[in-house]
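Enquirer: I'd like to go over a predicted model; first the sequence, then the structure.
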Amino acid sequence: MPTANPQFSLKSSLLEPEGALHSFVVEAGDPFVFEILNGQTVRIVDLEGNQAVDTLFYNAMDYSDRYSAQDTIREQGNIYLTAGTKLLSTGGHVLLEIVADTCGRHDTLGGACAAESNMVRYDIGKRHMHACRQSFLKGIQQWNRGLSKSDLTSNINFFMNVPVTPEGKLTFEDGVSDAGKYVELKAAMDVLMVVSNCPQLNNPCNGYNPTPVQILIWDKYV
Ligand SMILES: [Zn+2]
């Protein structure tokens, strides 16, 4: 069972789920694509705990202007994402800001899992296993507005714990999230959110048991 880490600064939200404009449940391994309008707030809830939620964001008016891990990390001077983080685009725009976070740590270094990385990291026999990049592709194909494989660039892994060691090594650790923990973001422009609720079974990012998440969206006037 993950325990709260005292070095994380946690921030709760005042928004009530009953007041949400939309509520979706994304099953383990499924994609989810939705536009979040300027001023709206989106919450991702880790319903059962220890679930990685791989997410891409795009400027809804120009998909070539999309979330940039490098710019976000450089501007905040920190490799982990949490409340107060502004998610920057490749064009230097603030796409969204994390306004509440009861988990305390989200990764943007580890990338999204793929059939290729599963083979390299784990075993050639893992090639057939469902991975986030396939879910992203399925999601953008269903969205059908011109996004393609080449648009799958840097992503966020919400609730995923990828600590960097003093030697600079990346490690995929057991999750720090737990059932009911959430992260909430307020859109600073119209953005397209593309989620893969991660199906990974070869490392502890999902506790070896992928589970559903909830996505709630509040309108800008609440
Ligand atoms: Zn994944």
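Expert: Received, thanks.
Enquirer: show me the contact partners of stretch 86-95.
Expert: Stretch 86-95 has contacts (CB atoms under 8 Å, 6 or more residues apart in numbering) with 57, 59, 62, 64-68, 71-72, 75-76, 81, 96-98, 153, 156, 185, 187-189, 191. For every residue, glycine as well, the C-beta is placed using N, CA and C.
Enquirer: can you count the residues close to residue 214?
Expert: The number of residues packed near residue 214 is 17, by other CB atoms under 10 Å.
Enquirer: mind starting the numbering at 24 from now?
Expert: In the new count, where the first residue is 24, that last one comes out as residue 237.
Enquirer: with adjacent residues omitted, what lies nearest to it?
Expert: residue 68 (4.1 Å; CB to CB, 6 or more residues apart in numbering).
Enquirer: using PDB, list the CA coordinates for the helix or strand containing that neighbour.
Expert: Here residue 68 sits within strand 64-69, counting by DSSP states H and E. Output of strand 64-69 as PDB, limited to C-alpha atoms (Å, rounded to 0.1, in the frame of the first residue of the first chain):
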ATOM      1  CA  THR A  64     -11.300  22.400 -15.300                       C
ATOM      2  CA  VAL A  65     -10.600  18.700 -15.800                       C
ATOM      3  CA  ARG A  66     -10.000  16.200 -13.000                       C
ATOM      4  CA  ILE A  67      -8.500  12.700 -13.500                       C
ATOM      5  CA  VAL A  68      -9.400  10.400 -10.600                       C
ATOM      6  CA  ASP A  69      -7.400   7.200  -9.900                       C
END
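Enquirer: what's next to it, contact-wise?
Expert: Residues from elsewhere that reach strand 64-69 (CB under 8 Å, 6+ apart): 36, 38, 43, 59, 76, 78, 119, 122-123, 126, 181-182, 200-210, 216, 218, 236-241, 243, 245.
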